[in-house]
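Novice: Okay, sequence plus prediction incoming.
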Amino acid sequence: MGTQSTTVDDGLSPQERFERWRDLVGRTRVAEATSAHGDTFTAGLRLSHLGPVMLMATSFPSARFRRSERMIRTSDQELYHLTLLTAGNHLLARGRDQAVASGVGDLSLIDSSHPYDGRFFGLPSTAHEEPRVAGISIDLPISSFPVPPDRLRDLLGRRLTAREGTGAVLADFLLSLDRQAASLKPAEASRLGALVVDLTAAWVARELDDDDVLPEEARQRAVVESVRAFIRRNLHDPDLTPPVAAAAHHVSVGHLHRLFTRHSHGQTVAAYIRSQRMAKAHRDLADPALRALPIHVVAARCGLLRASDFGRAFKAAYGLTPREHRRGAPSGPAAEATESAESATQ
């Protein structure tokens, strides 16, 4: 997979930075981009190719994007654009529709086949920092999306939440995917791109309150990813078991087992819980910020209450005791790099 990461500022004047950033964004979002911060413009941007999906993470000062009828006639890539704001505010108008405001934790969906006017307003994260906008977005072909375009018409341009349900699962997945994208192999990236499409379709089905718009395969894959996300969020709970995960998703344990093993290369729900507990313990033991925590407390934070069982399982998984792993773990920047690499494989 190709991942391009840049701060868009090395050796460039502010205006050149803006033009460079605008050109990179314009690879999939063809629009007239302007900014009132041309004299001081700085931005960061990462582009990752995930099969048919383009993942983009960017931060920038306030900016405006306008896509006109003329641009559409000249070049329409027939894409859906989904944006998750992590900083700042967004005001979006499609055609003659009234502008809709959204903020941090909101999702917005538009397409490239209709005009729009989007204004992004930065907010300072501290009293001493300049206002910034930040977010994660995906661009995916309309032709590859399993929900018919006419069913999405009423969702386009609306303020939609990513704070609960499938929207929260989708948002968490996109943020995690951006952190790990640079470490993915091409085959992994393509599979995860297909999963992004499935999760987006599942989120759309929830917003439409109509599961029937989803093909069965897409619905199954979305359920499995929702279960994985539920497990990762609840690793601290020693009572986390397959029946608990099944109950949270309103399915039987047997049905969940069949779905999970089918879409996880044979891995069971119980095995996934164990592997994620061990992986979290492995990361936490190497974290310099957690060095003061006793090993048994680190294990308990991962839902592992029996110290002797934890020690045996950890050594079986990693070839070292928890104490040996902690003693040999790097600190500072090296530790951060190690943790990032391990997270990318989970």
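Specialist: Great, that's in hand.

Novice: Now do the same for the nearest residue to residue 12 once chain neighbours are set aside: its pLDDT.
Specialist: Of all residues not flanking residue 12 in the chain, residue 20 sits nearest, at 6.4 Å (Cβ to Cβ, 6 or more residues apart in numbering). (Glycine included, C-beta is placed from N, CA and C.) As predicted, residue 20 sits at a pLDDT of 88.

Novice: Look up which helix or strand residue 20 falls in, please.
Specialist: helix 14-25 (DSSP states H and E).

Novice: what does the helix or strand just after that helix rub up against?
Specialist: Next helix or strand after helix 14-25 toward the C-terminus (DSSP H and E): strand 32-34. Residues from elsewhere that reach strand 32-34 (Cβ atoms under 8 Å, 6 or more residues apart in numbering): 22, 25-26, 63-68, 71.

Novice: Listing partners with orientation, what would you give for strand 32-34?
Specialist: strand 63-67 (antiparallel) (DSSP bridges).

Novice: picking that back up, got the angle between the helix holding residue 20 and strand 63-67?
Specialist: 40 degrees (axes from the mean of the first three to the mean of the last three Cα atoms, to 10 degrees).

Novice: Of all the residues in helix 14-25, which ones are buried?
Specialist: Judged by neighbour count using 16 or more other Cβ atoms under 10 Å, the buried positions of helix 14-25 are 17-22, 24-25.

Novice: Let's have those in TSV, adding distance to residue 284.
Specialist: Listed next are those as TSV, based on distance: Cβ to Cβ, whole Å:
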residue	distance to residue 284
17	38
18	41
19	44
20	39
21	37
22	41
24	36
25	37
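
Novice: Go through the residues you listed and name the one nearest residue 44.
Specialist: Using Cβ to Cβ, residue 21 is the member of the buried residues of helix 14-25 that sits closest to residue 44, with 8.9 Å.

Novice: Would you confirm that that closest one contacts residue 60?
Specialist: Yes - shown here, residue 21 and residue 60 form a contact pair, counting by Cβ atoms under 8 Å, at 6.6 Å.

Novice: Can you check the pLDDT for residue 340?
Specialist: The model's pLDDT for residue 340 equals 38.

Novice: ditto for the one 4 residues further on
Specialist: Residue 344 is assigned a predicted lDDT (pLDDT) of 35.

Novice: Next: residue 250.
Specialist: So, for residue 250, pLDDT stands at 89.

Novice: and it, how many neighbours?
Specialist: 7 (other Cβ atoms under 10 Å).

Novice: where exactly do the strands run in the stretch 51-200 of the chain?
Specialist: 53-60, 63-67, 79-87, 89-94, 100-102, 106-111, 116-121, 133-141, 160-161 (DSSP state E, counting those that start in this stretch).

Novice: ok, the first one: who's next to it in the sheet?
Specialist: Based on DSSP bridges, the pairing partners of strand 53-60 within the sheet are strand 44-50 (antiparallel), strand 133-141 (antiparallel).

Novice: So residue 227 versus residue 42, what's the distance?
Specialist: 40 Å (Cβ to Cβ, to the nearest Å).

Novice: meant to ask about residue 123
Specialist: Residue 123 is 16 Å from residue 42, where distance means Cβ to Cβ.

Novice: any idea which element the residue of the chain most remote from its centre lies in?
Specialist: Distance from the C-alpha centroid of the chain peaks at residue 308, with 36.0 Å (Cα atoms, centre = their mean). Here residue 308, judged by DSSP H and E, is contained in helix 307-318.

Novice: Give the residue from residue 227 and residue 42 that has the larger number of neighbours.
Specialist: residue 227 (24 against 18).

Novice: Name the nearest residue to that one, sequence neighbours excluded.
Specialist: Nearest to residue 227 is residue 245, by Cβ to Cβ, 6+ apart, at 5.3 Å.
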